[in-house]
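Asks: predicted model and sequence follow; I will ask about them next.
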There are 2 protein chains.
Amino acid sequence: MRPETIENYLKTIYNLSSNNTAVVSNQKIADKLSLNPATVTEGLRKLHELKYVIYEKSYGSRLTTSGSKLALDIVRRHRIWETYLAKELGFGWDEVHAIAEELEHVNNVKLINKLASILGNPTYDPHGDPIPDAKGKIQKSNFIKLSETKVKGNYKVMGVTDHSPTFLKYLEKHQLIIGATINIKTIEDFDNSIVLVCQKKEVNISPKAAECIIVQPI
Amino acid sequence: MRPETIENYLKTIYNLSSNNTAVVSNQKIADKLSLNPATVTEGLRKLHELKYVIYEKSYGSRLTTSGSKLALDIVRRHRIWETYLAKELGFGWDEVHAIAEELEHVNNVKLINKLASILGNPTYDPHGDPIPDAKGKIQKSNFIKLSETKVKGNYKVMGVTDHSPTFLKYLEKHQLIIGATINIKTIEDFDNSIVLVCQKKEVNISPKAAECIIVQPI
DNA sequence: TTATTATTTTTGGCATACCAAAAAGATAAT
DNA sequence: ATTATCTTTTTGGTATGCCAAAAATAATAA
């Protein structure tokens, strides 16, 4: 298997099993990588042989220790590049994902560590995702999705789980950026939409959008 | 053909026909890319179909206008990255080539122009090679190889044509870096070796090494 | 010019990464 | 429990990028 192919699978499995214990379905991998399910079945069989994943037929996959290690390394490269592009090269948070997607495959430890060092070894990227350190150690947060909030009141935006430019531009338009304070006014029982105030303006958040916003009560 | 494959061929053809009119042999391309000649024949046939090169069987290849454009773009990316790695990220001139070899395939105009702008739009890279500007315009120099010098006296080191760490480390050891002034003492008729003085120390340069050093009389 | 050597091309083959469609297996719904 | 649906796997097939060995074509030397 080509290194790039391996990296894309491992990164995807890692991202899809965030809590890192859950098994990931072929379908979800296929969706994320825009691949035919048949291709994914084949890919997982090979990754199992390579001992990067434990793949149980018709059930799901999870990373082995060595797969996890590699995945964390790719995630580190991706998130360091995203941060570098945003902080040092002036790219917007809606632009960095696509570029980092390519840069992440350049595997040079010295390079990534140098970038990290210039940035002051950051622990979070522009989307609020934690950045593994050089040893693969990663911050664990227990923030919740906006869609999971049960009580009204003040929250802080801590991250996003969708990195598409469309979504990020939409958030930016409403000042819903990382670190912003929001005040939840209503949680509609009917359709689960949320009305909140951000920078003194009222915004109505759809359930779909609320799924992709990570917050912390304050 | 995969973009990366195309880029590697075009860049190689460009580099091998420096004066840009000469046709390039399959063998030389195969050597540079570490490919079997059979593979190169096949590759050139496809590039001809794609109208990136004019490939005449059993004779040689040269770039078309569109091939030249693409080649210059890749060369620009490569050399901008080399310069950025050296100047901004502290890598040695013996390290930058290998890393740039991978980074060059990340095709993002805004990114490269941003790096170039940070560097002050440089026209030469750490090996003394000219960097095409955003429009593909490239400085033409009429420097000569150290091996082509006919008269003794003072010269300035303007570049190198071999980018291997081994060679570059060897040069550095003798202070034969870009911008250095050298004084040619002897040109041996017997074996074409050259004795010169650099930083007050005498160095004996083999014909092979002299082939890879670019100088200008002063 | 002819023989020798080097280069290029052809041929046949292999591995990777993909897909579409059919078959098998799980899950959910009645 | 049986159907209906959704997911996964199998099967058969394609395109790309590569190579080794043989055949054809240049280039060089005798």
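Replies: Received, thanks. Not measured: the values here are computed from a predicted model.

Asks: next, give phi and psi for A:A210.
Replies: phi -60, psi -30 (degrees, to the nearest 10).

Asks: could you pull up the contacting residues of the residue nearest the centre of chain A?
Replies: Nearest residue to the geometric centre of chain A (Cα atoms, centre = their mean): A:T161, 5.2 Å. The neighbours of A:T161, taking Cβ atoms under 8 Å, 6 or more residues apart in numbering or on different chains as the test, are A:145, A:211-214. The C-beta positions use only the backbone N, C-alpha and C, and glycine is treated the same way.

Asks: and if we set it to 7 Å?
Replies: Contact partners of A:T161, counting by Cβ atoms under 7 Å, 6 or more residues apart in numbering or on different chains, are A:212, A:214.

Asks: just after the longest helix along chain A, pick out the following helix or strand.
Replies: Taking DSSP state H as the criterion, chain A has its longest helix at helix A:65-87. Per DSSP states H and E, helix A:65-87 leads on to helix A:96-103 as the next helix or strand towards the C-terminus.

Asks: tell me the angle the helix or strand following that next one makes with helix A:65-87.
Replies: Per DSSP H and E, the first helix or strand lying C-terminal to helix A:96-103 is helix A:109-118. Going by axes from the mean of the first three to the mean of the last three Cα atoms, to 10 degrees, helix A:109-118 is angled at 50 degrees with respect to helix A:65-87.

Asks: how about helix A:109-118 and chain B, any contact?
Replies: Yes - legend: contact between helix A:109-118 and chain B by Cβ under 7 Å from any Cβ of the partner chain is shown at A:111, A:114.

Asks: and that helix, what's buried?
Replies: Counting neighbours by 16 or more other Cβ atoms under 10 Å in any protein chain shown, one finds that the buried residues in helix A:109-118 are A:111-112, A:114-116, A:118.

Asks: likewise for stretch A:16-26?
Replies: For stretch A:16-26, a neighbour-count test (16+ other Cβ under 10 Å) marks A:16-17, A:24, A:26 as buried.

Asks: pLDDT, distance to DNA strand C and secondary structure for these - can I get that in CSV?
Replies: Below are the buried residues of stretch A:16-26 laid out as CSV (pLDDT from 0 to 100; distance: Cβ to the nearest atom of the strand, whole Å; DSSP: H, G, I helix; E, B strand; the rest coil):
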residue, pLDDT, distance to DNA strand C, secondary structure
A:L16, 95, 17, helix
A:S17, 90, 16, coil
A:V24, 97, 14, strand
A:N26, 97, 11, helix
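
Asks: burial count for the closest residue to A:N113 other than its chain neighbours?
Replies: Leaving aside its chain neighbours, A:N113 sits nearest to A:A134 (5.9 Å; criterion: Cβ to Cβ, 6 or more residues apart in numbering or on different chains). Per other Cβ atoms under 10 Å in any protein chain shown, the neighbour tally for A:A134 reads 13.

Asks: same question for the one 5 residues further on.
Replies: Look at A:Q139: counted by other Cβ under 10 Å, it has 11 neighbours.

Asks: ok, now A:V151?
Replies: 8.

Asks: distance of it from A:T39?
Replies: Applying Cβ to Cβ, to the nearest Å, the value for A:V151 to A:T39 is 44 Å.

Asks: does A:G159 belong to a helix, a strand or coil?
Replies: With DSSP: H, G, I helix; E, B strand; the rest coil as the basis, A:G159 sits in strand.

Asks: that one touches A:D129, doesn't it?
Replies: Yes - judged on Cβ atoms under 7 Å, A:G159 makes contact with A:D129 at a distance of 6.1 Å.

Asks: dihedrals phi and psi, the residue nearest to A:N113?
Replies: phi -60, psi -20.

Asks: for the most far-flung residue of chain A relative to its centre, helix, strand, or coil?
Replies: Here chain A reaches farthest from its C-alpha mean at A:F190, the gap being 29.2 Å by Cα atoms, centre = their mean. Judged by three-state DSSP, the three-state class of A:F190 is coil.

Asks: pretty sure A:E202 sits in a helix.
Replies: No - read with three-state DSSP, A:E202 is strand and lies in no helix.

Asks: so what's it bridging to?
Replies: Beta-bridge partners for A:E202, by DSSP bridges, are A:V197.

Asks: so for it, what's the pLDDT?
Replies: pLDDT recorded at A:E202 is 94.

Asks: ok, it to chain B distance?
Replies: 35 Å (Cβ to the nearest Cβ, to the nearest Å).

Asks: next one: A:V195
Replies: 37 Å.

Asks: contacts for whatever helix or strand that residue lives in next, please.
Replies: Using DSSP H and E, A:V195 sits in strand A:194-198. Contacts of strand A:194-198 with the rest of the structure, by Cβ under 7 Å, 6+ apart, involve A:146, A:174-176, A:180, A:182-187, A:202-205, A:210.

Asks: go with 6 Å
Replies: Contact partners of strand A:194-198, identified using Cβ atoms under 6 Å, 6 or more residues apart in numbering or on different chains, comprise A:174-176, A:180, A:182-187, A:203-205, A:210.

Asks: hang on, the earlier thing: ramachandran angles for the residue nearest to the centre of chain A?
Replies: phi -110, psi 0.
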